[in-house]
Every structure is written in C-alpha cells, then in structure tokens.
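Chemist: Okay, sequence plus prediction incoming.
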Protein chains: 2
Amino acid sequence: MVSKAELYNDYRTKMQRIADVRFANALLQWDQETYLPPKGAAFRGRQISTLSELAHHLFSEESLGSTLQELLAYQDLTAEERRNVELTWEDYTKNKKYTSSFVRRLSEQSNKAFHSWIESRKQNNFSVFEQDLDALVQLKKEEAGILGYEGHPYNALLNEYEKGATVTLLDRTFSGLLPSLKELLDKIKAKPQVDDAFLFQHFPHQQQWDWGMYLVRELNFDFEAGRQDISEHPFSVSFCNQDVRITTRIDESDFGNMTWSCIHETGHALYEQGLHAAQYGLPLGEACSFSMHESQSRLWENNVGRSKSFWQHYYPKLKQYFPEQFHHISLDTFYKGINKVQPSLIRTEADEITYHFHVFVRYELEKKLIEGSLSTRDIPAFWNEQYEKQMGVIVTNDKKGCLQDVHWSHGSFGYFPTYSLGSFYAAQFFAAAGQSLENLEANLVSGNSAPLLTWLRSEIHSKGRQYTSEELCKKVTGNTLNVQYFMDYLLHKYSSIYNL
Amino acid sequence: MVSKAELYNDYRTKMQRIADVRFANALLQWDQETYLPPKGAAFRGRQISTLSELAHHLFSEESLGSTLQELLAYQDLTAEERRNVELTWEDYTKNKKYTSSFVRRLSEQSNKAFHSWIESRKQNNFSVFEQDLDALVQLKKEEAGILGYEGHPYNALLNEYEKGATVTLLDRTFSGLLPSLKELLDKIKAKPQVDDAFLFQHFPHQQQWDWGMYLVRELNFDFEAGRQDISEHPFSVSFCNQDVRITTRIDESDFGNMTWSCIHETGHALYEQGLHAAQYGLPLGEACSFSMHESQSRLWENNVGRSKSFWQHYYPKLKQYFPEQFHHISLDTFYKGINKVQPSLIRTEADEITYHFHVFVRYELEKKLIEGSLSTRDIPAFWNEQYEKQMGVIVTNDKKGCLQDVHWSHGSFGYFPTYSLGSFYAAQFFAAAGQSLENLEANLVSGNSAPLLTWLRSEIHSKGRQYTSEELCKKVTGNTLNVQYFMDYLLHKYSSIYNL
C-alpha cells in the first residue's frame, strides 16, 4: 500500500499538470487579447478549445477520482491537506458533470462569439454579435441543466462565480440597497455639479503609459513577477503567482480611463501575487472567489485610489507627469472631479454610486435570458429601456450600450453580480483595516500603501480558498457581508464632496 | 466498417489536436523569450515540460497507430493523403521510441539549461552554464541510443534536423569546400580592406525599429498573419501559417545587427506563411527540413539582402531613415561595407565566407561531445583553439565565444550543420530562380521582390514535406546539392568587391 505522503504527492502532481495546461491556455487567451495578429484568430480559437478540452479531460480521469477518495479516507491529513483534497473533490465531481464534447462546444462557441463581439463593436451593430451570442446563451442554459440547481436556473451559473449566491439572495441585496442609493443619488443631483472638465483635456499616450506604470509600481505590483500591456478591454490574468499580468487601455482625451483601470487591475494582481507559490495547482493556491477578487480591485481602485489621502501624496507626482494639464487645478478640485457622480453609459467609467445600477441592469437581463423570458434579439431594447428607467440615461448606440463589456462573449453569465458584491466587501474590509492599522490614513497620505497590502496579504491573499467569501469576511471583519458599510462609506464621502 | 473518408478525417482530427498542443507550447516558448517576467521562469519551465509530454503522449496513442495502419492499407488514398499518412507513420514510429519520462526530463533539463545560459551570459562565465549543459549532453547521448544509428552516434541527432545527413557526408562536404573557401579568404586578405566604419555609428533604437519594420513589410511579410518583437536572440516561430512571428535585437552601435536579422528571420517567416492552411497539423502543412528553412532565410538575407541590385532600390530609402549617418556614403561604399569579409567572433554577424568556419567549429565540437572524446568542461578551450586555428581569431571571453548561441541550451545538437547546408542550397536555388525568372535582377533593382517570392512559394513553400531536401532540390534545380553553385556565387561577388 502506498503511504499517505506518496498518495498526496501523486494528487499534487496530477493537479499541477492540470494547472500547467490551464495556465498555458490562459497564455493563449492573454496573447489573443494583446498581440495576436488578426488572421491568427481562427486557429487560435481551435488551440484554446483543444487545451480546454484536455484540461477537462485530465481533471475527469478516474485515477484522480480514486486518489481523492483514498485520501479522503485518511485520518492523518494536515488541515491544509484535507482542505485541498475536499475542495478538489468538490470541483472534481462538478467537472465530471460536463462531457468533453460540451466543453469543446462551449469553448469554440465562446471563441467565435468573442470575435463577432470585436467585429460588432467595429461596426457598432449588435446584430453582428446576435447569432453567436444566442448560440452561447443556449449553451449556458444547457450548462445550467448539466450543473443542476434549486429554484432559478440562473442559480447554477451564479454558483460558478460565487459559491452560495442565488437569485433570492441577490434580489434581496439589491432591493435592500438600491432605494438608499437612489435617495443618495437624488440628493446629489439637487446640488451643484462638481467640475471634471480638466480630466478630458489631451493626455498624450506615452505620458499616460509612463504615469500608469509609475502608479502600478508605487502600489507594490512586482514587475519581476508580472507585466502590463495594452488591450481592448483591461483585464488581469495569472499563469502562477510569479507571473501575473494586467492590461490597460489608453484614451488620450480621458485621463480617468487608464488611471483607474491600472489601479483596479493592480488590485486583482496584488491578490494573485500574494497567493502561495508552494500551493501551485491546488485550491489553497487559488483565490477565494470572484467577489473576493473584486473586493481587492475595488478596494484599491476606490477606497484607496479615489480617496483624498491617496491623492494628497500622488497629486503632486501627477502634476510632474502632466504639468500643463493640472497646473491650475487644486487638489480639492481634482479630488471632487475624480469623484463626480453622474449617471452615464459605460460601466467601467461609472462613479461608485451609479456603478451598481449598471450591474443591476446586467443582472436582471441575464436572469431573463437564462429563464427564457427575454430573447437575445431583444437585448438592445431591454438594455436601453432599463438604462433610461434606472438612471435616466439615453443609450445612443450599441457600442456604448449592450456591446460595451467583453464578458458575454466569453460566456460569462453570472459574473457581473460579483462586481457589486466586490464593492460591498471592499467597504467592509477597508473599515476593518482602519480598525486594525493605526496609521492607515497617515500612511496613505505619505504614499505608503505597503502596510495595507501586508494586512490584506495576511488576512485575505494568503488564505487561498481555505474559506468561502462569507466565512472569510466573518474572520476578517467579525461579520458576514453587511451593505451598511458600503452605504456609510458613500454617505461619508459624498456628504463632504457635495455638501449634503 | 468506417469509410476511408471517415478514417482519414479521424486521422486529421487527431493530428490537428496534437498540433494545437505543440503550437500552444510554442507560444509558451515565444513568450518566454520575449515578454516573460523573470520570476515566472521556473513555472514556465514546468508548463512547457507538461505540454511537451502531453504532445508526446497524444502522438504515441495506440489508437493513432492503428488508424495509420488501417489507412496505409487503403489503395484509394489520393497522392497527398498517402504522403501525409506515410510521413506521419514514420514520425509516429520514431516518436514511440521515446518514453514520456525521457521527454519530460529532456524538456525540463533544456529549460534549466536555457536559464543558466542566460545567467552565464550575464556573468560572462561558461562555468555557470557547464553543469546544466553537461546534463543535457548526457541526455542527448541517451537520445542517440534511443533513436538508434549506423556509424557515428551523432548521426542519430543530425537526422532529427536533416533526414539522411551523416557525419560521413558532412565531413565530405566540409572538406570539399573549406580549402576553396580558405583560398578565397586568403586572396581577399591580400587586398586592401573595404571600409565599413560607417555601419558602427550611433543608430537610435526607435529609428532602427521603424526601418526594420519597413523592410520586413517591403519583403512581403504579412503583418495581418504575424508580428515582430524584440528578444535576446532573433528567431522565428509559427503557431499556424496565419500566425508567424519573428524577433530581432537592436544594437545602437551596429547597424547590421538588426537589419540582416530582420531579413533573415523574414526569410524563415515567408516560408511558414506560404505553407498550406488546409494542411494544418499534417506533414504537407509543415516545412520540408531545417536546411530548406535555412535556405530561405539565407537566400533573402544574402543572395537578395546583400546584393547590389537590392540596395540600388533600398539604399535611398535607408538614407531617409538615417540621413546623417549615410549622407556621405555612396551606394558603392555601402555595398562593399556590408559585404566586408573579416574573420570574427560572432557567427550571426559573420560574413558569407567565414560563416562556414563558425559552423564547422560547432560541428566538430558537437561530434566530439556526443562521441565522448571532448568533455563539456573543455568546451571553451576547444572553442578558442579552433577559432584561432580555423580563422586566426582570438576569443577574448566566453560571451563572445562558446556562449554566443542559444541552441545548445535548447538541446539542439545537430542543428548547426543545417545552417551551412542552407547557404549552399540558397545559392543553387537563387541560380535556378535567375534561370526561371527573366527579370529577377531588374525586379530587385526596382524594389519588387514579389515575383521571386511567388516562385519560391510555388516551387518550395507550397510543397510542405512532400519531398526530402535532396528530392526537392533536384525538382527545383535539376540537380541534387552541388556546393559549386555556392563557390561560384562567392567568387563572382567578391571578385568585384575586392578586385580579385
């Protein structure tokens, strides 16, 4: 009989091999969105499909299943070992529900859809995307059936991104928050608007790039273990905690577009760089959940990156990069401008309040698509109607409307709600950090965000998937998710900005 | 019973999946040499190993073997189908000789060796590389045994790059050529040296990059189906004929370094871009051999890219990129300068004559390493002694000596001889092109290299692996390889440059 150590080693070896294939596939995708020459798209699509299928196949092997079952029967696994094996067993049994052919169809279709999404944006025309998107929606419905669910079929998809999330819970969270958000928004609308015109001067490409790279470095992103590149839609991706990549985009007439995408993606990347290299390929070497990931990006982007404290240190630096553009702009004007609240078209550029209406529209739309009460063809009409209803925003074209996000082209239905959850967790974590770290504000004022990162590393990053989002939140803050932290944060911040 | 069409389709599907894994692995390697952050190296190494092993495993499956055998028994395959199946069977039976564990050990060791090679170059110290290189040499000896051979064990490795090449044949080729080369070299040495100091002025990075990109485009490299990036050592790589990538390096104090590497790698890339997309994953969609590949890069680099005709058109363009540097330099001076013959340290910067002494030293060294008459530790001493003996060149340090080429760190023993063969074939092909294309020179003088490319596409590129190098050479030129074409080309060219 093999020893426990041998068996665990066998398990780890198998998992690391699967991780190798998945990360190779992640590189194919990173390359697809950064450097792939256009004619290479079709072959790249099939390469990605093959690797998806192979990873699926390796993770479905009976021999892995029996190794896991043998390990589960051992009494003397360490706590870490047991947690790894239990989580892997959970993932394994879920993965076994998918056939190879379904994995391949899904991967091929999302690849096709990605390229029609690109093309539809070029043509500013949803109908170019519609057919491929619809095929993907049908596959996702099929997937919900494969995974199984209680209540709403969308629950099955939500669970892929956030274990335990349901339509019931999210409906309750949104309906508990949106009225207060709307009330705050109305109060703000009644006040004189802050000026942010200075953010829309000409900001040359190279200087923005240099400034962005400076900022990413200042936030302690490790460039020996990662890089930043340009892509259509900013994202972060990891091929191991020693190679974590982020992308950004540059709009020369919009300062905010790149700057806060840099900070946001850096937040994601700092989480990945903080995972345990020794747990490569194993659950404890992976991030807890999508909402936890987003809590890190939103915490850095907003709680830190749009705070007065942060800019007390960095605004003088910024002026060195763009002396002409910011010469006559005071820190106070800058701070107010970057926090301007105004209903708008683009989610990734939305302020911290209206952002959640953007997410809510997508959430409602996805629910309806998956339950079949909305057809793919009717997405633009539904989208446009909801934007007007929720925020009074008139959508003028598809590119600035329902074509703005890449997610659906990847088949990521159920992902968007984690964006809102991320902001809510971020507020709760940032409040807890303020309690734990005596000089948090003072450190940020002096440009020292390292203690905050150290705290996040020890409290969150290093834990991997040891806890669920809610367990982790309770461990770190003493409570499960409470949206009141988020509302308090907003009320405190915007009362001073808008003199409420 | 399944139909022939179904069976062939099954074969093709299997091969395309293997190609997907191999090309994914090629992307991991491209990224490793272009964009990989330094700390990512160890994990990248294991990812590459895993994909090598997977590709090997897929190509060893019994079910593929039986599909191939069934197909071979069919009488009604088309000629193309039969050739694909026969070549695949040949590759398959060879691949079956390797165990997965050997493939993994080789891949892991060459990855380790690649990184110690990088480090040894940084430290300019061969001993940093020695241990990992030696482990690799031992593995290559083991490989020779696995593959089997007649005569010299090095024959087994040569065959990996050039089917049919043997120590006997190469010894004969080199001993037939080197005395004439030496004689020509001595005649040149007796003449006044041409001036090339103007090539070593300051050439700013960005302008070189722009000029290189212009030139690559002019040579009809399709940037919709490929790209160029920067790496330590220039190379070309293909992920399908619609995504072919080249790399270059820029030395601001050496104009030639980048320019001819751009042309050389473009030559390789034009071959790959000219392969049949419909034959993706199959032998007829692959290049014929390493020497044929090199014949294309050398033909463009030298027969075209160092010819008077070519520069009659491009020298005025070049002057627009570097007006100050070339203002006082006539076309004639430029042409002579870029063809200066002088024994030197670095192979990739060597002139067309001494280049083959560089290759010969590596060939002799590899033979001895593999037969065990030279130990890895003694490489620098042997290298330095041979450089002095063959060319009268004193090697001043390892970086400019035995550490200059990446190949050994990849485990590529047996590769270098194909470089010389490539030049010899190139001369023979270029002579044949001159016979077939009435206006070849006139077209080059007017900057139109498209007819030459069209000819190469139809005569060589489109054939894939249909013929062996020697068969193809005979089909295209009427004769098998004859080094006299190469000598005639050199004599004609240098007689005019050096007034011999």
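Modeler: Done, it's in. What you see is a predicted model; the values in this text were computed from it and never measured.

Chemist: which residues touch A:Phe430?
Modeler: Residues in contact with A:Phe430, defined by C-beta atoms under 8 Å, 6 or more residues apart in numbering or on different chains, are A:Leu299, A:Asn303, A:Val304, A:Tyr489. (Glycine included, C-beta is placed from N, CA and C.)

Chemist: tell me the helices in the stretch 101-250 of chain A, going along the chain?
Modeler: Along the stretch 101-250 of chain A, the segments classed as helices by DSSP state H, counting those that start in this stretch run A:127-147, A:154-161, A:167-189, A:205-218.

Chemist: can I get the contacts of A:Phe430 in CSV with pLDDT?
Modeler: What follows is the contacts of A:Phe430, written out as CSV (pLDDT from 0 to 100):
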residue, pLDDT
A:Leu299, 98
A:Asn303, 98
A:Val304, 98
A:Tyr489, 98
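
Chemist: Just flag the most distant two among these.
Modeler: Spatial extent of the contacts of A:Phe430 (C-beta to C-beta) is set by the pair A:Val304 and A:Tyr489 at 12.1 Å.

Chemist: Just among the contacts of A:Phe430, which is most surrounded?
Modeler: Among these, A:Leu299 has the most neighbours (other C-beta atoms under 10 Å in any protein chain shown), with 27 neighbours.

Chemist: Spit out the contact partners of that residue.
Modeler: Contact criterion C-beta under 8 Å, 6+ apart gives A:Gly267, A:Ala426, A:Phe429, A:Phe430, A:Leu456 as the residues in contact with A:Leu299.

Chemist: Helices - which of the residues you listed land there?
Modeler: A:Gly267, A:Ala426, A:Phe429, A:Phe430, A:Leu456 (DSSP state H).

Chemist: Give me every residue in chain A lying close to chain B.
Modeler: Neighbours of chain B within chain A, by C-beta under 8 Å from any C-beta of the partner chain: A:16-17, A:20-21, A:23-25, A:27-28, A:31, A:35-40, A:42-44, A:46-47, A:49-51, A:54, A:222-227, A:229, A:239-240, A:242-243, A:280.

Chemist: try it again with 6 Å
Modeler: Within chain A, the positions near chain B by C-beta under 6 Å from any C-beta of the partner chain are A:17, A:20, A:23-24, A:28, A:37-40, A:43, A:47, A:50-51, A:224-227, A:240, A:242-243.

Chemist: what separates A:Ala278 from chain B, distance-wise?
Modeler: The gap separating A:Ala278 from chain B is 12 Å, by C-beta to the nearest C-beta, to the nearest Å.

Chemist: Could you find the closest non-adjacent residue to that residue?
Modeler: A:Gly285 (7.5 Å; C-beta to C-beta, 6 or more residues apart in numbering or on different chains).

Chemist: if I read this right, that neighbour contacts A:Gly274, doesn't it?
Modeler: No: the criterion here is C-beta atoms under 6 Å, and A:Gly285 misses it with A:Gly274 at 10.9 Å.

Chemist: what residues does whichever helix or strand A:Leu51 is part of touch?
Modeler: Element membership of A:Leu51, judged by DSSP states H and E, is helix A:41-58. Contacting residues not belonging to helix A:41-58 are listed as A:18, A:21-22, A:25, A:28, A:32, A:36, A:100, A:103-104, A:107-108, A:111, A:115, B:17, B:20, B:23-24, B:240, B:242 [C-beta atoms under 6 Å, 6 or more residues apart in numbering or on different chains].

Chemist: Mark which of the residues you listed are buried, thanks.
Modeler: By neighbour count, with 16 or more other C-beta atoms under 10 Å in any protein chain shown, these hold A:18, A:21-22, A:25, A:28, A:32, A:36, A:103-104, A:107-108, A:111, A:115, B:17, B:20, B:23-24, B:240, B:242 as buried.

Chemist: Filter these down to the ones in strands?
Modeler: Using DSSP state E to define strands, no part of the buried ones among the contacts of helix A:41-58 is located there.

Chemist: on that earlier part again, let me know the closest of the ones in helices among the contacts of A:Leu299 to A:Thr78.
Modeler: Among these, A:Leu456 lies closest to A:Thr78 (C-beta to C-beta), at 25.1 Å.

Chemist: What does the residue most central in space within chain A show for phi and psi?
Modeler: Central residue of chain A (C-alpha atoms, centre = their mean): A:Glu294, 4.7 Å from the mean position. With angles defined as degrees, to the nearest 10, A:Glu294 sits at phi -70, psi -30.

Chemist: and the residue in the stretch 301-450 of chain A that chain B sits nearest to, how many neighbours?
Modeler: Residue of the stretch 301-450 of chain A nearest chain B, by C-beta to the nearest C-beta: A:His410 (18.5 Å). Residues within reach of A:His410, counting by other C-beta under 10 Å, total 16.

Chemist: can you check A:Gln75 too?
Modeler: Applying other C-beta under 10 Å, we find 6 residues neighbouring A:Gln75.

Chemist: Quick one: classify it as helix, strand or coil.
Modeler: The three-state label for A:Gln75, taken from DSSP: H, G, I helix; E, B strand; the rest coil, comes out as coil.

Chemist: shaky segments in chain A?
Modeler: Along chain A, the model assigns pLDDT under 70 to residues A:1.

Chemist: Per the annotation, how does it divide into domains?
Modeler: Structural domains annotated on chain A: A:4-97, A:167-498, as defined by automatic domain parsing.

Chemist: those strands in chain A, which residues are they?
Modeler: A:226-230, A:236-238, A:244-248.

Chemist: Can you say which of those is packed in most?
Modeler: For the strands of chain A, the largest average neighbour count (mean count of other C-beta atoms under 10 Å in any protein chain shown) is found in strand A:244-248, namely a mean of 25.

Chemist: just the CA coordinates of it, formatted as CSV?
Modeler: In CSV, the C-alpha atoms belonging to strand A:244-248 read as follows (Å, rounded to 0.1, in the frame of the first residue of the first chain):
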residue,chain,number,x,y,z
VAL,A,244,0.7,37.9,-13.1
ARG,A,245,-0.3,40.2,-15.9
ILE,A,246,-2.5,43.1,-16.2
THR,A,247,-3.7,45.1,-19.3
THR,A,248,-5.0,48.6,-19.7
